[in-house]
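Could you work out the structure for the sequence below:
(one chain, ligands or ions: 1)
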Amino acid sequence: MWASLDPLHGQGGNLHADRLRLRLPSVEPTFLAITYAPMTLPSPAPDRTAIVTGASSGIGAEIARELVRRGHGVTLVARRADKLSDLADELRSAGVRAEVLAADLSDRALRAGLLSRVTELGLVPDILVNNAGLSTLGPVAASDPEAEMNMIEVDVVAVADLCSRFLPGMVQRGRGGVLNVASTAAFQPLPGQAGYGGCKAFVLSYTRSLGGELRGTGVSATALCPGPVDTGFGEAAGFDKEDAEAALPAFLWETAAAVAACGVTALDNGKPVAIPGPANRAVAMFAHLTPKAILVPLLASRHPGLRKN
Ligand SMILES: NC(=O)c1ccc[n+]([C@@H]2O[C@H](COP(=O)([O-])OP(=O)(O)OC[C@H]3O[C@@H](n4cnc5c(N)ncnc54)[C@H](OP(=O)(O)O)[C@@H]3O)[C@@H](O)[C@H]2O)c1
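So this is what the prediction gives:
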């Protein structure tokens, strides 16, 4: 099978050098076929765990459920310990180990202690899912500096911090996977959510680079780039649900469960980028390729966070 070259390296196909094998069929020595050989996640084991941040709601909770369906034990991280405990109880009924580590990921000291807390539980972190995230809303000129800094701390700094802390062990063991949740906003500037668009562009670029660095280590990195999903995200950002639904057509919306399944499958297959849903893949491609002098004013004229201010 020929490896396909998708410019967005999305679900449709990708070229991931560490998983390519060169094959020269003996019958036709001049024919060079490049085969894509998918790499799978480490096998689940009772002393192994998948760390899932932002597991107290939305996409993170569904990613935890998806990993458990595949037999992985999970360690759930977020601030709301009660929500994490409820989910852990549900997941344990599937016969896997589910642990709760409440932490505010904007707190650098708490982040720094996370790996040792996992180790103290007798667990080896084979999978890291950096899903916790939030957005601010409205023009930068009317923003709260503290809220902007908090968003960047959780959406960007925590992602880089946890990758730096968890990846060395994975590489040493020769197995592991990192799933970083970005957004289709990563493919374009986003006036009205300027900081959020920048954060997610960081996550996408960073994760692609990680994938390049991890070639041949047995560890893979995937950026999951969802379009709109009905979770607590919009409300937390301050979106009016009707405004959000009016600005983003129904065919773009995916369920949190579908997004989670897409992300975990992509991670399991060693894909560098996953965009859930064909419509979102088309929109991301369009946004990526459209001259920004045309795209940015168009987006600014339609964004609910700018129309209200
Ligand atoms: N929903 C969408 O339309 C959409 C689209 C594209 C990408 N995404 C991305 O998907 C990811 C998950 O979002 P979601 O839609 O599932 O939203 P959500 O339901 O609001 O979940 C956000 C999660 O992040 C956690 N979180 C926020 N601040 C935190 C902090 N300081 N420390 C620890 N955890 C924190 C929250 O937990 P606690 O409040 O309990 O701490 C919650 O579990 C985010 O990275 C988001 O940017 C969402």
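
just the strands in this protein please.
Ranges of strands in the chain, per DSSP state E, are 20-23, 33-36, 48-53, 74-78, 98-102, 124-130, 176-181, 219-224, 273-274.

avg pLDDT for the first one?
What that stands for is strand 20-23. The average pLDDT for strand 20-23 rounds to 36.

one step back: do you know which of the strands of the chain lies nearest Val159?
Among the strands of the chain, the nearest to Val159 by C-beta to C-beta is strand 124-130 (4.5 Å). C-beta coordinates here come from the backbone N, C-alpha and C atoms, glycine included.

residues making contact with that closest one?
Outside strand 124-130, the residues within contact range by C-beta atoms under 8 Å, 6 or more residues apart in numbering are 41-42, 47-53, 60, 63, 67, 72, 75, 115, 118, 158-159, 162-163, 166-167, 169-170, 173, 175-181, 203, 267.

distance of Ala244 from Ala94?
According to C-beta to C-beta, to the nearest Å, Ala244 and Ala94 sit 33 Å apart.

who has more neighbours, the two?
Ala244 (18 against 12; other C-beta atoms under 10 Å).

What distance do you get for the closest residue to that one other than its chain neighbours to Ile59?
Spatial nearest neighbour of Ala244, chain neighbours left out: Gly234 (5.1 Å); criterion: C-beta to C-beta, 6 or more residues apart in numbering. Counting by C-beta to C-beta, the separation of Gly234 from Ile59 is 12 Å.

ok, these two, which is more surrounded?
A side-by-side neighbour count of Gly234 and Ile59, using other C-beta under 10 Å, places Ile59 first with 29 against 20.

just to revisit the earlier point, what is in contact with Gly234 and Ile59 at once?
By C-beta under 8 Å, 6+ apart, no residue touches both Gly234 and Ile59.

What backbone torsions are found at the closest residue to the ligand within the stretch 101-250 of the chain?
For the stretch 101-250 of the chain and the ligand, the shortest gap (C-beta to the nearest ligand atom) falls at Gly133, measuring 2.2 Å. Main-chain torsions, Gly133, degrees, to the nearest 10: phi -170, psi 160.

Could you list which residues are in contact with it?
For Gly133, the contact set (C-beta under 8 Å, 6+ apart) comprises 54, 154-155, 181, 199, 233.

How many residues are close by Ala141?
7.

Quick check: the gap between it and Leu134.
20 Å.

what does Ser57 give?
In terms of C-beta to C-beta, Ser57 sits 11 Å off from Leu134.

Pro168: how many residues sit nearby?
11.

What residues does the stretch 1-150 of the chain have near the ligand?
54, 56-60, 78-80, 83, 104-106, 131-134 (C-beta under 6 Å from any ligand atom).

Could you list the buried residues of stretch 297-305?
299-300, 303-305 (16 or more other C-beta atoms under 10 Å).

right, and out of these, which lies closest to Arg215?
Leu299 (35.1 Å).

Next, the contact list for the nearest residue to the closest one once chain neighbours are set aside, please.
Of all residues not flanking Leu299 in the chain, Pro191 sits nearest, at 5.6 Å (C-beta to C-beta, 6+ apart). For Pro191, the contacting residues are 139, 296, 299-300, 303, 306, by C-beta under 8 Å, 6+ apart.

which residues does the residue sitting nearest the centre point of the chain bridge with?
Closest to where the C-alpha atoms of the chain average out (C-alpha atoms, centre = their mean) is Val181, at 1.7 Å. When assigned by DSSP bridges, Val181 has beta-bridge partners Leu224.

and stretch 205-214, which residues are buried?
Buried-residue list, stretch 205-214, by 16+ other C-beta under 10 Å: 206-208, 210-211, 214.

Now the two most distant members of these.
Tyr206 and Leu214 (12.3 Å).

which residues sit in contact with Thr75?
Thr75 neighbours (C-beta under 8 Å, 6+ apart): 49-52, 98-101, 118, 121, 123, 125.

swap in Val264?
So Val264 contacts 63, 66-67, 70, 179 (C-beta under 8 Å, 6+ apart).

and what of Leu121?
Neighbours of Leu121 in contact, by C-beta under 8 Å, 6+ apart: 49, 75, 99.

Leu252: which of the residues you listed is nearest?
When those are compared against Leu252 (criterion: C-beta to C-beta), the nearest one is Thr75, at 31.8 Å.

Per-residue pLDDT of that closest one, please?
99.

how close does it get to His288?
34 Å.

Relative to Thr207, how far out is the residue lying closest to Arg79 once chain neighbours are set aside?
Setting aside the residues directly before and after it, Arg79 is nearest to Asp104 in space (C-beta to C-beta, 6+ apart), at 5.1 Å. According to C-beta to C-beta, Asp104 and Thr207 sit 23 Å apart.
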